[in-house]
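K.L.:
Next come a sequence and a model predicted from it.
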Amino acid sequence: MSFISASVEACDGYGNCVFAAPAYFDIGSDGSVKVLQHEIADGDRPKVEHAVAECPAAALAIVAAATDESAASTTRRELP
């Protein structure tokens, strides 16, 4: 399973993500990205991948869910 990670600080509010995957992204009143759903449904992954690729500010990422073993050996890092 995969999740969306977004950096509000890096977001410039272009809105490309909203056009590519409106069920997952919105632009808030502050002009920054808002993630509406963090968990990506398998059937929606291509749309979300497109949204991430289209972000000119590189403010979005798809991160894999940690398994019990990997969670014990690695630390999950958020985008700056």
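P.N.:
Right, received. Where do you want to start?

K.L.:
Output the below-cut-off pLDDT ranges for this structure.
P.N.:
67-80 (pLDDT under 70).

K.L.:
can you give me the strands for it?
P.N.:
2-6, 25-27, 33-35, 39-40, 60-64 (DSSP state E).

K.L.:
Next, the angle from the helix ranked longest in the chain to strand 60-64.
P.N.:
Longest helix in the chain by number of residues, with DSSP state H as the criterion: helix 45-53. On the basis of axes from the mean of the first three to the mean of the last three C-alpha atoms, to 10 degrees, helix 45-53 is oriented at 130 degrees to strand 60-64.

K.L.:
Report the buried residues of helix 45-53.
P.N.:
By neighbour count on 16 or more other C-beta atoms under 10 Å, the buried set for helix 45-53 is 47-49, 51-52. C-beta coordinates here come from the backbone N, C-alpha and C atoms, glycine included.
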